[in-house]
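Peer 1: sequence and computational prediction follow.
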Amino acid sequence: RKEVEQDPGPFNVPEGATVAFNCTYSNSASQSFFWYRQDCRKEPKLLMSVYSSGNEDGRFTAQLNRASQYISLLIRDSKLSDSATYLCVVLNTGGFKTIFGAGTRLFVKA
Amino acid sequence: DAGVIQSPRHEVTEMGQEVTLRCKPISGHNSLFWYRQTMMRGLELLIYFNNNVPIDDSGMPEDRFSAKMPNASFSTLKIQPSEPRDSAVYFCASSLVSFQYFGPGTRLTVT
């Protein structure tokens, strides 16, 4: 089993749709969680951190469920510019080793 | 802020040649990471350093790969000899606390 698993995708959605990505992690001692975004032929960039209380940044909402070892990302009112690969990221105990999920590709169409 | 700087951005070389990839982390960051990304395997962590010391190199695929960090502002990833299966995008990232900032990557093609 992979340490971090994501929805395989791709997700093809129309503009304005709401889309949700899921991610599970296997190490219960994991301490920090993030969503990164990677555009085609570009480097991954931090989208947002994920907190136990849930956090929101504009159209993006991230949730963490430690009991179920589950992370989610919700995108509301999808834009064409949201088309990218979204990577779930887990930072394990010790603060150094970062595990990236395989990513979920999103295509937003007009 | 210049961000993480990597060079070269593109490298095309022949099988058997030595390849050296370079990285300058963000000033003040104390952790540095080397990743490899391919369509088949996704993003793989090769090695990471903390305060210039290699902490975990278990992701380095084989002895042909080596990495150094002689000081806080410079790191290299060397492949010798290179093979076609090493073709990938190699990213360097740095961090201070938790999340990492990535460089633009080096696209390596080994023919």
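Peer 2: It's in. These figures come from a predicted structure and were not determined experimentally.

Peer 1: whichever helix or strand residue A:5 is part of pairs with which strands, and in what direction?
Peer 2: Assigned by DSSP states H and E, residue A:5 belongs to strand A:4-6. Strand pairing for strand A:4-6, determined by DSSP bridges: strand A:19-25 (antiparallel).

Peer 1: is any part of the helix or strand following the partner strand close to chain B?
Peer 2: Downstream of strand A:19-25, the next assigned helix or strand under DSSP H and E is strand A:32-38. Yes: with C-beta under 8 Å from any C-beta of the partner chain as the criterion, chain B is reached by strand A:32-38 at A:32, A:34. Just so you know, the C-beta spots here come from the backbone N, C-alpha and C atoms, and that holds for glycine as well.

Peer 1: now strand A:32-38, how far from the centre of its chain.
Peer 2: Centroid separation for strand A:32-38 versus its chain: 6 Å, with C-alpha atoms, centre = their mean, to the nearest Å.

Peer 1: residues in contact with it?
Peer 2: Contacts to strand A:32-38, defined as C-beta atoms under 8 Å, 6 or more residues apart in numbering or on different chains, come from residues A:25, A:44-50, A:60, A:62, A:64, A:71, A:73, A:84-91, A:100, A:103, B:98-99.

Peer 1: among those residues, name the buried ones.
Peer 2: A:25, A:44, A:46-50, A:60, A:62, A:64, A:71, A:73, A:84-91, A:100, A:103, B:98-99 (16 or more other C-beta atoms under 10 Å in any protein chain shown).

Peer 1: check contacts around the residue lying closest to residue A:98 once chain neighbours are set aside.
Peer 2: Nearest residue to residue A:98, sequence neighbours excluded (C-beta to C-beta, 6 or more residues apart in numbering or on different chains): residue A:91, at 5.2 Å. Residue A:91 makes contacts with A:30, A:31, A:32, A:33, A:34, A:97, A:98, A:99, B:98, B:99, as judged by C-beta under 8 Å, 6+ apart.

Peer 1: and for residue B:66?
Peer 2: Residue B:66 touches B:60, B:77, B:78, B:80, counting by C-beta under 8 Å, 6+ apart.

Peer 1: gap between the closest residue to residue B:44 other than its chain neighbours and residue B:106?
Peer 2: Nearest residue to residue B:44, sequence neighbours excluded (C-beta to C-beta, 6+ apart): residue B:36, at 5.0 Å. As judged by C-beta to C-beta, to the nearest Å, residue B:36 and residue B:106 stand 10 Å apart.

Peer 1: overlap in contacts of these two?
Peer 2: Shared contacts of residue B:36 and residue B:106 (C-beta under 8 Å, 6+ apart): B:89, B:90.

Peer 1: most neighbours among the contacts of residue B:66, which one?
Peer 2: residue B:77 (24 neighbours; other C-beta atoms under 10 Å in any protein chain shown).

Peer 1: figure out the helix or strand that that one lives in.
Peer 2: Assigned by DSSP H and E, residue B:77 belongs to strand B:74-79.

Peer 1: give me the residues contacting the helix or strand of chain A with the lowest mean pLDDT.
Peer 2: Using mean pLDDT, DSSP states H and E, strand A:98-100 stands out as the lowest-scoring helix or strand of chain A, at a mean of 87. For strand A:98-100, the external contacting residues (C-beta under 8 Å, 6+ apart) are A:3-4, A:25, A:36, A:44, A:87-92, B:33, B:35, B:42-43, B:45, B:100.

Peer 1: cool, thanks, talk later.
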